[in-house]
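Enquirer: I would like to see how this sequence folds:
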Amino acid sequence: MNKIIKYVLHDIFRNRILLAYVILLLLSSLGLFMMNEDVTKGLSSLLTVLLIVIPLVSILFTTIYFFNSYEFIELLVAQPLKRSTILLGVYTGVGISLLTAFLLGIGLPVVIFDGTVTGWYFILSGSLLTLIFVSLAFLASVITRDKTRGIGISMMLWFYFTLVYDGILLMVMFAFSDYPLEKVTIFLSCLNPVDLARILVLLKMDISALMGYTGAVFNQFFGSLFGISLAVSVMLLWIAIPILIALRIFKTKNL
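Expert: All right, here's what the predicted structure looks like:
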């Protein structure tokens with residue numbers, strides 16, 4: 001597996017798209033922090049990049065890389081190697097590459113300008129989101145052999161988690177506003193890793209009051225050590241479950 005990881009890392013780090021991604025994140029981060037004297041405002045502006053751009057690039061880059069490396073993967077399958085070793089090796093290489101890009105492009109400026117607990121939660125949330133959408137990309141990629149369809153599935157997943165899900169959640173809350181929805185809302189938030197990342201960052205920025213009554217409920221639950229641990233654990237499950245499903249499909253798939 002180590003040789004596969006090294007090959008994938010070497011291949012991706014030579015990719016100009018990844019370099020452009022790092023530079024874009026770095027310029028955006030530095031620009032937003034320098035434009036705002038208040039670090040909290042810079043961090044809140046950067047939150048949009050964290051919740052929209054990071055998942056989009058992670059899932060799209062991974063899907064395209066997987067299909068572009070299909071011949072290489074087929075060559076590895078022909079060797080006396082376990083399919084689980086092959087897929088996990090490629091996954092680890094892609095995950096480390098995109099995680100490194102995020103840490104250099106956003107993590108480093110955040111540490112420099114806001115090395116507080118809030119900044120570290122921001123970095124943690126972004127790191128977990130990166131790996132989650134890499135896992136989702138692998139799941140979308142192993143479902144089909146068609147590159148266009150695989151990219152389409154990945155884009156639909158990104159669109160659902162970043163935009164559609166919030167609309168559905170608001171409709172549910174509005175339709176059943178006469179009923180106690182505190183526990184239901186917390187449960188529904190756990191079904192979307194992007195929502196979990198947003199909640200963790202906003203609560204640590206002490207602006208949960210802007211979220212109204214829902215913010216008070218989230219602050220009471222996710223503001224505790226148990227709530228934070230649960231949120232991080234759920235996000236780790238969001239990393240593990242898609243890649244495990246992808247692994248199961250890949251083991252029996254006819255390449």
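Enquirer: helices of the stretch 101-250 of the chain, start to end?
Expert: 108-113, 117-143, 147-159, 165-175, 182-190, 193-204, 212-222, 225-252 (DSSP state H, counting those that start in this stretch).
Enquirer: quick one: which of those helices is nearest residue 6?
Expert: With CB to CB as the criterion, residue 6 lies closest to helix 117-143 of those, at 17.9 Å. In short, each C-beta sits where N, CA and C put it, glycine included.
Enquirer: just the pLDDT at residue 63, thanks.
Expert: Per-residue confidence (pLDDT) for residue 63: 95.
Enquirer: residues of whichever helix or strand residue 27 is part of that come out buried?
Expert: Element membership for residue 27 (DSSP states H and E) is helix 16-35. By neighbour count, with 16 or more other CB atoms under 10 Å as the criterion, the buried positions of helix 16-35 are 18, 21-22, 25-26, 28-30, 32-33.
Enquirer: and if you look at stretch 113-127?
Expert: In stretch 113-127, counting by 16+ other CB under 10 Å, buried: 113-114, 118-119, 121-127.
Enquirer: what sits up against it?
Expert: 33, 39-40, 42-43, 46-47, 50, 54, 99, 102-103, 106-107, 110-111, 196-197, 200-201, 204-205, 232 (CB atoms under 8 Å, 6 or more residues apart in numbering).
Enquirer: relative to the whole chain's centre, how far out is it?
Expert: Relative to the centre of its chain, stretch 113-127 is centred 15 Å away, using CA atoms, centre = their mean, to the nearest Å.
Enquirer: what average pLDDT does that stretch get?
Expert: On average, the pLDDT along stretch 113-127 is 88.
Enquirer: hmm, back to that, now for the helix holding residue 27, which elements pack on it?
Expert: Packed against helix 16-35 by the contact rule (3 or more CB pairs under 8 Å, 6 or more residues apart in numbering; DSSP states H and E) you find helix 39-48, helix 54-68, helix 83-102, helix 108-113.
Enquirer: from residue 227, how far out is the closest residue to residue 188 other than its chain neighbours?
Expert: In space, residue 188 comes closest to residue 169 once its chain neighbours are excluded; the distance is 5.7 Å by CB to CB, 6 or more residues apart in numbering. Relative to residue 227, residue 169 is positioned 18 Å away (CB to CB, to the nearest Å).
Enquirer: same question, residue 146
Expert: 42 Å.
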